[in-house]
Every structure is written in structure tokens, then in C-alpha cells.
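> Take a look and give me a structure for this.
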Amino acid sequence: MQNARIVLLGTGTGLPDPDRSYTHLVWDGPGGPLLIDVGGESYRRLLAAGIDPQQLRGVFLTHSHCDHINGLSALIFSLRLGGRNEPLPIYGLTSTLELASGYVMAAGLEEWAALADWRPVTAGEQVSLGEGLVLATAGTAHSRPCLAVRLSAPNVSPVCYSSDTEPCPAVTELATGVDLLIHEATVAEPFAGHTTPRQAGAVAAAAGVHRLVLVHFSPRWTMPVAQALVEVAAGGFTGEVQVGMDMQELLVSQS
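Predicted structure coming up:
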């Protein structure tokens with residue numbers, strides 16, 4: 001039986017700090033490795049996590065804000081320099097893929113553009129990858145079209161990642177019953193398109209998840225860790241909660 005884990009390659013926002021790079025993560029389990037969003041140094045961080053970037057089975061882009069896609073050009077550049085010739089499936093909304101493709105071309109990678117295998121996904125769609133890995137998606141409430149994603153695979157408990165969103169029923173429904181919910185907690189006070197720790201706690205409680213990990217912290221707004229944990233509890237969540245850190249490994253429970 002193949003074990004599975006999530007590695008938080010970054011846990012910050014578009015305004016990173018010395019401890020937090022752009023939020024992006026990798027699924028290392030059946031059907032993987034699958035990179036979810038692409039930070040500025042994803043290749044190096046994958047290596048640091050013990051994952052060979054050349055073995056990537058795909059990339060899932062949640063939305064088109066640059067802190068979630070701007071590392072794609074550098075990733076393709078490094079993959080090609082490392083000898084990769086096999087096209088890399090890249091999943092996301094059509095609008096996200098169009099902008100990401102433009103970044104790749106603007107970086108002067110025309111001759112290597114064929115390395116990117118663009119695969120549009122719509123909100124609510126399920127995508128089947130290898131080894132039984134299934135991605136289910138839901139549209140979030142953000143300033144740009146954005147997808148939350150739920151990962152399910154044989155013999156492991158499902159995982160859900162909210163990406164950028166304010167609390168919304170579609171994300172709560174997508175997360176319902178998962179073991180692990182990775183949810184953004186960008187702001188200290190309610191703000192359009194983003195979530196507070198207290199709101200994330202309420203989402204986790206409503207979805208009935210077992211574990212909650214907070215990510216996407218902004219040095220402009222995010223409260224201290226201890227206060228964030230108190231706020232999650234105030235939102236009604238009584239399960240296990242962690243404030244995610246860059247390069248943190250999250251083991252996925254077996255089912």
C-alpha cells in the first residue's frame with residue numbers, strides 16, 4: 001500500500017516574508033507527485049522535500065493571481081534543462097491556463113512550450129489521474145475565478161485545499177467528510193475574497209473534517225499563531241488544528 005503525504009512548499013501570500021514563500025503544495029501519493037500551484041522556487045523546494053521534479057505527473061493551477069502561477073515558466077525551464085521531454089499535464093480554468101501560457105511565452109520559452117500540456121477544467125468537474133487519484137473541484141469566492149480541489153485516492157483519506165476564498169458553501173460542501181482540510185487564513189478581520197482563522201474554523205466545523213491546517217498568511221494582516229489557534233476554536237472547530245509552515249510535511253491518513 002502506497003503511503004501519501006502533502007508537503008507545504010510555501011504558506012505565504014503575494015507579499016512573502018523571510019519565513020513564508022508563496023503558498024503552493026505537492027501531493028506525494030498515488031497518482032503523484034502532483035504540484036498544486038507554482039511558487040517562484042518550486043523546483044528547489046521539491047528537491048528539498050525529497051521529490052524528484054522530473055517525476056512530476058502534473059500541475060494543478062487554482063487561479064491566475066501571480067503568486068500562484070508565476071513560477072511556472074521557471075519550472076518548465078528547469079525541467080527542460082534537467083532533460084525532461086515528456087509533456088507535463090497542467091490543469092486549471094481556461095482563463096488561468098491562458099494567462100499562464102502567456103507567462104511561459106513571455107519568458108522566451110517558445111521552443112519548449114510543447115512541454116506544457118494544457119488541460120482545462122471547469123468548476124464542479126472531476127478529473128481522473130493515474131493510480132486511482134481523482135481531483136474534484138469547486139469554484140471559490142475570490143476576486144478572480146478560482147478552484148478549490150479535493151484529492152481522493154485508494155486506501156487513503158481524502159484531502160481538500162481551499163485555495164483563495166472567503167467562506168462559501170461550495171468549498172464547505174467539497175470539504176465535507178475529508179480527513180484533512182488545508183484552508184487559507186489570510187486576514188485577521190473579514191475581508192472580501194479571503195478568510196480569517198475564525199471563519200476557517202467555522203468552515204472546518206461545518207464540513208466535519210478531522211484536521212485543519214491554515215495557510216496563506218500575509219505579514220500585513222495575519223495575527224500571531226497563538227491567537228489564530230484561539231480564533232479557530234472560537235469558530236467552533238474542536239478537531240486538530242495547525243498553523244502551516246513552509247516545508248511542513250502532512251501525512252495523509254490511511255482509510
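> Can you get me a residue count around residue 13?
Look at residue 13: counted by other CB atoms under 10 Å, it has 27 neighbours. In this view, the C-beta of every residue, glycine as well, is placed from N, C-alpha and C.
> Assess the claim that it and residue 24 are in contact.
No. Between residue 13 and residue 24 there is no contact under CB atoms under 8 Å: 11.6 Å.
> I'd like the distance between the one residue sitting closest to the centre of the chain and residue 217.
By CA atoms, centre = their mean, the chain has its centre lying nearest to residue 36, at 4.4 Å. Per CB to CB, to the nearest Å, residue 36 is found 17 Å from residue 217.
> Equivalent analysis for residue 40, please.
Distance of residue 40 to residue 217, given as CB to CB: 17 Å.
> Equivalent analysis for residue 132, please.
In terms of CB to CB, residue 132 sits 33 Å off from residue 217.
> go on, residue 173?
Residue 173 sits 25 Å away from residue 217 when distances are taken as CB to CB.
> which one of these two has more residues nearby?
Neighbours per residue (other CB under 10 Å) separate residue 173 from residue 217, with residue 217 holding more: 28 against 14.
> Let me know whether the more buried one touches residue 12 as I believe.
Yes. Under the criterion of CB under 8 Å, residue 217 makes contact with residue 12 at 5.9 Å.
> any shared contact partners between the two?
With contacts defined as CB atoms under 8 Å, 6 or more residues apart in numbering, the residues adjacent to both residue 217 and residue 12 are residue 20.
> For this protein, which helix extends over the most residues?
helix 94-106 (DSSP state H).
> Residues contacting it from elsewhere in the structure, which ones?
Applying CB under 8 Å, 6+ apart, the contact partners of helix 94-106 are 61-64, 69-70, 72-73, 76, 90, 92, 113, 116, 118-120, 144-145.
> Weed out the non-buried ones from these.
61-64, 69-70, 72-73, 76, 90, 92, 116, 118, 144-145 (16 or more other CB atoms under 10 Å).
> just the residues you listed now: which is nearest residue 238?
Distances from residue 238 to the buried ones among the contacts of helix 94-106, taken as CB to CB, are shortest for residue 62 (28.1 Å).
> which residues touch residue 174?
Counted by CB under 8 Å, 6+ apart, residue 174 has contacts 136-138, 148, 150, 160.
> Need the max-distance pair from those.
Among these, 137 and 160 lie farthest apart (CB to CB), at 10.5 Å.
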